[in-house]
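**Student:** got a predicted structure plus its sequence, pasted below:
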Protein chains: 2
Amino acid sequence: MQLNRYTDYGLRLLTYLAVLPPGQRASIDEISKVYDLSRNHINKIVHQLGKEGVIETKRGKGGGFSLARAPEQVNIADMVILLEKSMLIINCQTPTCRISPVCKLNGILLEAGSAFIDSLRKYSLADLVKDNREPLIQILDLN
Amino acid sequence: MQLNRYTDYGLRLLTYLAVLPPGQRASIDEISKVYDLSRNHINKIVHQLGKEGVIETKRGKGGGFSLARAPEQVNIADMVILLEKSMLIINCQTPTCRISPVCKLNGILLEAGSAFIDSLRKYSLADLVKDNREPLIQILDLN
DNA sequence: CTTAACCTACATTTTATTTGTATCTTCACT
DNA sequence: AGTGAAGATACAAATAAAATGTAGGTTAAG
């Protein structure tokens, strides 16, 4: 049971934006280089987060993107739900399970999935950079 | 974020064993047929659960397998941990993340993973067949 | 009008999962 | 003893999903 890299990369990207001084923009190039990740993957994530309104993107020369809200307002649970394709823990349909009409398992797993999300909901992007902004700036070469 | 089919099938199999009248044994053939699942997959699951002591397997003619403990004693959380290969929500090593030494994300996700497991821990196999043993017996053709 | 940036689409590669095939070992029953 | 039914074990193949790559389009600053 693991999150996709897509989601992982998305969270790394958001962490980057959270340490970025307000008013500054990041670029796809910059992020894929500093984290050494597939440029295309980052591209897709930026595109999605832009559409969803989490980040503000700007095209053209001198463009880039930055958080659309303060880090405190960006909840980790929401970001995981957004980035992860499916949050269904099991799929009773493929392959179809005959007992699913009377099966209690799905409900139990759904509840556990909610517990997972509820736990994440306690944190925002601000918590990711709290007390470690300095070393992050160092490592991410933001100066 | 989804459990492997292997885990899913394992839980279906355990449900079958939980409704099976005590003293009776199931066979790999029987289960893969009634659920219409890969015989080989079920084979592997039976093998693993046997090694782990969750079920008692018996070779040879008239053989088969059954729960080694009462359904009340078989916790869903334990079964998921057992069946699922990895419970790591993200992997900071592949590809290596530069900020991992100072990153808070892993801890947050670990905590959420624990919340998931803790939620499952409230249930045992007995809960899966409580109040619906009759329809399950019908559907699974156990008579 | 050139360049830097995001946008969009599609194609390819890689990996993990799932499934399949084959043979071995055990054991009950005749 | 021999036969057949059952799990044990190993390896091979197929599938699907994820990850990555390539190419060109669009926008905007200078």
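**Tutor:** Arrived safely.

**Student:** going by C-alpha atoms from here, please, whenever you check contacts or count neighbours.
**Tutor:** Fine.

**Student:** and what about residue A:24, helix, strand or coil?
**Tutor:** Here residue A:24 is coil, with the state taken from DSSP: H, G, I helix; E, B strand; the rest coil.

**Student:** likewise residue A:69?
**Tutor:** Per three-state DSSP, the local secondary structure of residue A:69 is coil.

**Student:** which parts of chain A are helices?
**Tutor:** Applying DSSP state H to chain A gives helices spanning A:5-19, A:28-35, A:39-52, A:76-83, A:105-120, A:125-129, A:133-139.

**Student:** can you tell me if the third one touches DNA strand D.
**Tutor:** Meaning helix A:39-52. Yes. Using C-alpha under 7 Å from any atom of the strand, helix A:39-52 reaches DNA strand D at A:39-41.

**Student:** related to what we said a few turns ago, using a markdown table, please lay out the helices of chain A together with mean pLDDT.
**Tutor:** Below are those laid out as a markdown table (pLDDT from 0 to 100):
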| stretch | mean pLDDT |
| --- | --- |
| helix A:5-19 | 98 |
| helix A:28-35 | 97 |
| helix A:39-52 | 98 |
| helix A:76-83 | 98 |
| helix A:105-120 | 98 |
| helix A:125-129 | 98 |
| helix A:133-139 | 97 |
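
**Student:** to chain B, which of those lies closest?
**Tutor:** Nearest to chain B among the helices of chain A is helix A:105-120; the distance by C-alpha to the nearest C-alpha comes to 4.7 Å.

**Student:** let's have the helices of chain A in a markdown table, adding distance to residue A:60 and mean neighbour count.
**Tutor:** Putting these into a markdown table (distance: least, C-alpha to C-alpha, whole Å; neighbours: other C-alpha atoms under 10 Å in any protein chain shown) gives the following:
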| stretch | distance to residue A:60 | mean neighbour count |
| --- | --- | --- |
| helix A:5-19 | 19 | 21 |
| helix A:28-35 | 13 | 16 |
| helix A:39-52 | 15 | 16 |
| helix A:76-83 | 26 | 18 |
| helix A:105-120 | 35 | 20 |
| helix A:125-129 | 27 | 21 |
| helix A:133-139 | 26 | 15 |
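
**Student:** so which of the ones you listed gets nearest residue B:69?
**Tutor:** Among the helices of chain A, the nearest to residue B:69 by C-alpha to C-alpha is helix A:105-120 (19.5 Å).
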